[in-house]
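**Student:** Prediction below, plus the sequence it came from.
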Amino acid sequence: MKHILTAVAGVLMAVSSTSVWADEPANLGPRPAYLVNSMDDSPLKDKLLSCSNGAFERSDFSIGHRGAAMQFPEHTKESYLAAIEMGAGVLECDVTFTKDKQLVCRHSQSDLHTTTDVLAHPDLAKKCTIPFQPADPSTGKDAQVECRTSDFTLAEFKRLKGKMDGANPKATTIEEYMQGTPSWRTDLYAQSGTLMTHAESAALFKKHGVKVTPELKSAAVEMPFDGFSQEMYAQKLTDELKAAGFAPSDTYVQSFNLDDVKYWIAETPEFGEQAVYLDDRVYEQKDFVASLENMKDLHKQGVNIIAPPLFALVQLDDKGQIVASDYAKLAKQADLDIIAWTLERSGPLNNGGGWYYQSVKPAITKDGDMMVMLDVLAKDVGVLGVFSDWPATVTYYANCMDIES
């Protein structure tokens, strides 16, 4: 197969602290080729092979999950720029807040100990909600630590460097604890890891001409926090998007908390129109069964877009083929648009794909099966877009299938 990597004429010249990648064709690297080559022979494989010569352009169907988190430290400037390079048309900042109530990009309010080098700063590490406690090999007790963004001011937060998410729970030293990157990821691109505020991420995304899908994360601290209410939190997010110059049509604010989505619908309807309800009912509610009634109920409350994990949108037919799930069909019948999460987050797929692929596990035996899943999501489910930890994979598919941005 010919190289997927697109030749880019000219040499990039550094004109500021950010690149000028926004003006370049999407640069996809070798991974899409690897995935397509590992597929079983089929008309889909033939079609995807036929697109190998490029050129590839940015696509709104391709959503950068935490940037390009498979190989870059999540929610860092470097991760976001990598996702833009790979043609992601929509980028995500997971939004939480600091001790002085400033919005920052982190997947969780309480993950600094695994996603940053906070433990390497003794003066900051001692401020953590649970300071580092080493594992005890004699009892089998794991190491204990919890560092929250709300433990630190923004100035302190900005001293940190992002690292690949991971930790060694059996560590007896801080140095050992911080060495926990999964083997199928890499620390190769984790040398800088520039952390960002939500406002900084919005400015970066605006500069590069991509759309945004910030997620309002649930707080680990009790709300209100020092007078900062949930409603103020939700409002601050949209205020910062407005300040960055984002049109509501270029934003998809999202939350697992339906009350957040309803707040945007009621108080900032221009942003509420495309607000995304991240549907965790499929795994948080043990007895949840999708129905036309409960899907229509969401739509009646003003929800237009729903986003569940991959496994909720697919199932196997009686021939063992991946097809659209009942959940997906019912959502469509209720006039709900769908966004899917998250591709490229499961590592090697030779053992069935894990959590994200649980509804179709027998059909997942190799990495190339990811492209079959993606094809079903696009053609049978009809999703608006797909989150990916490596956006190049989705960008390649979207370009090959001429999915309109």
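**Tutor:** Cool, the structure landed.
**Student:** Show me how far stretch 36-56 is from its chain's centre.
**Tutor:** Distance of stretch 36-56 from its chain centroid, counting by Cα atoms, centre = their mean, to the nearest Å, is 25 Å.
**Student:** Look up phi and psi at F225.
**Tutor:** Main-chain dihedrals, F225, degrees, to the nearest 10: phi -110, psi 110.
**Student:** Tell me how far it lies from D94.
**Tutor:** Relative to D94, F225 is positioned 17 Å away (criterion: Cβ to Cβ, to the nearest Å). C-beta coordinates here come from the backbone N, C-alpha and C atoms, glycine included.
**Student:** care to break the protein down by domain?
**Tutor:** By the assignment in automatic domain parsing, the chain contains the domains 21-93+196-400, 103-177.
**Student:** nearest to T186, of those?
**Tutor:** Counting by Cβ to Cβ, T186 lies closest to domain 21-93+196-400 out of these; the figure is 5.3 Å.
**Student:** what pLDDT, on average, does the longest helix along the chain get?
**Tutor:** With secondary structure taken from DSSP state H, the chain has its longest helix at helix 230-243. The average pLDDT within helix 230-243 is 99.
**Student:** If you count neighbours, what's buried in that helix?
**Tutor:** Buried residues in helix 230-243, counted by 16 or more other Cβ atoms under 10 Å: 230, 233-234, 236-238, 240-241.
**Student:** Do you have the strands of the stretch 1-150 of the chain handy? List them.
**Tutor:** Secondary structure of the stretch 1-150 of the chain (DSSP state E, counting those that start in this stretch): strands at 59-64, 88-91, 94-97, 103-105, 130-133, 144-146.
**Student:** Turn the domains of the chain into CSV, including distance to L188.
**Tutor:** Output for those, formatted as CSV (distance: least, Cβ to Cβ, whole Å):
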stretch, distance to L188
domain 21-93+196-400, 7
domain 103-177, 10
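**Student:** So for S183, which of the ones you listed sits nearest?
**Tutor:** Minimum separation from S183 across the domains of the chain (Cβ to Cβ) falls at domain 21-93+196-400, 8.5 Å.
**Student:** Is V394 in contact with S388, as I believe?
**Tutor:** Yes. The pair V394 / S388 is scored as a contact, 4.7 Å apart, by Cβ atoms under 8 Å.
**Student:** got any residues that touch both of the two?
**Tutor:** Applying Cβ atoms under 8 Å, 6 or more residues apart in numbering, one finds that V394 and S388 are jointly contacted by 62-63, 88, 343.
**Student:** returning to what we had before: of V394 and S388, who's got more company?
**Tutor:** V394 (32 against 29; other Cβ atoms under 10 Å).
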